[in-house]
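1. I'll drop the sequence and a predicted model, then ask my questions.
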Amino acid sequence: RIAYVNGLYQNLSDAAVNVEDRGYQFADGVYEVCEIVGGKMVDFPRHMARLERSLRELRIATPMALTSLKVIMQEVVRRNRISYGIVYLQVTRGVAHRDHGFPSPDVKPSVVVTAKSLNFAKNQAAAERGVKVITTAENRWPRVDIKSVGLLPNVLARQEARDKGAYEAWYVDDKGFVTEGASCNAWIITKDGRVITKSAERGILSGITRAVLVEVLASLQLKLEERNFTPKEAADAAEAFVSSASQIVMPVISIDGNPIGNGKPGPTALRLRQEFHKFADIA
Ligand code: PLP
């Protein structure tokens with residue numbers, strides 16, 4: 001496998017960044033993950049818009065023109081012969097002697113791109129079985145709107161889910177509302193067919209898959225409510241699912257051991273999964 005690191009395409013096993021990279025020492029960086037379908041990137045413009053926003057919020061310079069980034073990401077996809085999978089882009093503030101404040105003068109941001117194939121049949125089979133989620137206390141910083149590489153709370157939440165035999169953990173804030181999953185946005189569908197997901201205004205990462213799904217829902221004339229919901233409301237819902245670039249729509253069949261609906265993937269979640277790519281920008 002091939003990775004891009006600061007101007008060079010290298011074997012993944014040899015690819016490395018400096019030990020004084022601020023991404024390594026401070027998690028001082030951001031990332032994006034794009035789905036690859038038929039060797040092409042899904043919703044690239046939206047991912048780049050979010051990347052630029054994350055960089056701006058952290059006052060990290062944009063490392064190069066987005067058109068150049070696109071060429072590099074496409075090249076990593078091509079060199080790895082990915083037909084279906086994901087491409088990962090990471091930009092950190094760069095390499096400097098360790099000091100919490102920003103380097104002065106500025107250093108060049110570090111850019112890393114990797115890609116991997118996913119197993120389409122395996123993911124589809126998982127979607128048809130559905131997955132279990134647990135809940136865990138929200139313990140992340142308030143700036144989860146920034147797609148930062150500082151993911152330790154997410155790592156611990158995902159592991160807690162695994163330890164409990166579940167696929168994902170949903171964070172619950174101090175008011176008792178679900179925010180999102182460790183690496184996905186959380187959705188439920190009420191028994192009368194309203195689709196509910198937390199508003200992207202605060203407390204969650206504004207998912208690109210989420211944004212496209214909002215358009216899919218409108219075109220299918222499904223009712224959307226962007227508002228808070230509780231784990232109890234999820235347990236009482238007809239359906240639930242999670243969304244992210246790597247999973248698109250993954251039906252959820254139980255929360256903390258309580259079955260959702262009839263304990264099987266819901267028809268609307270499966271339909272949204274099927275419709276998604278008709279609405280995505282694939283290029
Ligand atoms: N929320 C979190 C915390 C995530 O890490 C992710 C994606 O990895 C998402 C939501 C979904 O975002 P997207 O649909 O852009 O992948």
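-> Looks like it arrived, so ask away. Numbers count the residues shown, from 1 in each chain.
2. CA only for contacts and neighbour counts going forward, please
-> Fine.
3. Near the ligand, which residues of the stretch 51-200 of the chain? Just list them.
-> 182-185 (C-alpha under 6 Å from any ligand atom).
4. go again using 5 Å as the cut-off
-> With C-alpha under 5 Å from any ligand atom as the criterion, the stretch 51-200 of the chain comes near the ligand at residues 183-185.
5. check contacts around the closest residue to the ligand within the stretch 1-150 of the chain.
-> As assessed by C-alpha to the nearest ligand atom, the ligand sits closest to V33 within the stretch 1-150 of the chain, at 6.4 Å. Applying C-alpha atoms under 8 Å, 6 or more residues apart in numbering, we find V33 in contact with 47, 86-89, 245-246.
6. List the beta-bridge partners for it.
-> For V33, the beta-bridge assignment (DSSP bridges) gives partners Y88.
7. tell me the pLDDT at it?
-> The score at V33 is 98. That number is its pLDDT.
8. before we move on, what about A283?
-> For A283, the model assigns a pLDDT of 88.
9. Next, count neighbours for S183.
-> Residues lying near S183 (other C-alpha atoms under 10 Å) number 22.
10. can I assume it is in contact with S244?
-> Yes: in this structure, S183 is within contact of S244 by C-alpha atoms under 8 Å, at 7.3 Å.
11. can you pull out the helices in the stretch 1-150 of the chain?
-> With DSSP state H, counting those that start in this stretch as the criterion, the stretch 1-150 of the chain has helices at 22-26, 44-58, 66-79, 120-129.
12. mind checking which of those is nearest D14?
-> Of all the helices of the stretch 1-150 of the chain, helix 66-79 sits nearest to D14, with 15.2 Å by C-alpha to C-alpha.
13. Give me the residues contacting the closest one.
-> 1-4, 9, 39-41, 48, 87, 89, 113-115.
14. Just want the angle from it to helix 44-58.
-> Here helix 66-79 runs at an angle of 120 degrees relative to helix 44-58 (axes from the mean of the first three to the mean of the last three C-alpha atoms, to 10 degrees).
15. Contact partners for the closest residue to H97 other than its chain neighbours?
-> Leaving aside its sequence neighbours, H97 sits nearest to E20 (C-alpha to C-alpha, 6 or more residues apart in numbering; 6.3 Å). E20 is in contact with 95-98, counting by C-alpha under 8 Å, 6+ apart.
16. What segments of the stretch 51-200 of the chain are strands?
-> 85-92, 110-117, 131-137, 168-172, 178-181, 185-189, 194-197 (DSSP state E, counting those that start in this stretch).
17. okay if I get these as JSON lines plus mean pLDDT and distance to V144?
-> Formatted as JSON lines, the strands of the stretch 51-200 of the chain follow (pLDDT from 0 to 100; distance: least, C-alpha to C-alpha, whole Å):
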{"stretch": "strand 85-92", "mean pLDDT": "98", "distance to V144": "17"}
{"stretch": "strand 110-117", "mean pLDDT": "98", "distance to V144": "21"}
{"stretch": "strand 131-137", "mean pLDDT": "98", "distance to V144": "15"}
{"stretch": "strand 168-172", "mean pLDDT": "99", "distance to V144": "12"}
{"stretch": "strand 178-181", "mean pLDDT": "98", "distance to V144": "10"}
{"stretch": "strand 185-189", "mean pLDDT": "99", "distance to V144": "12"}
{"stretch": "strand 194-197", "mean pLDDT": "98", "distance to V144": "16"}
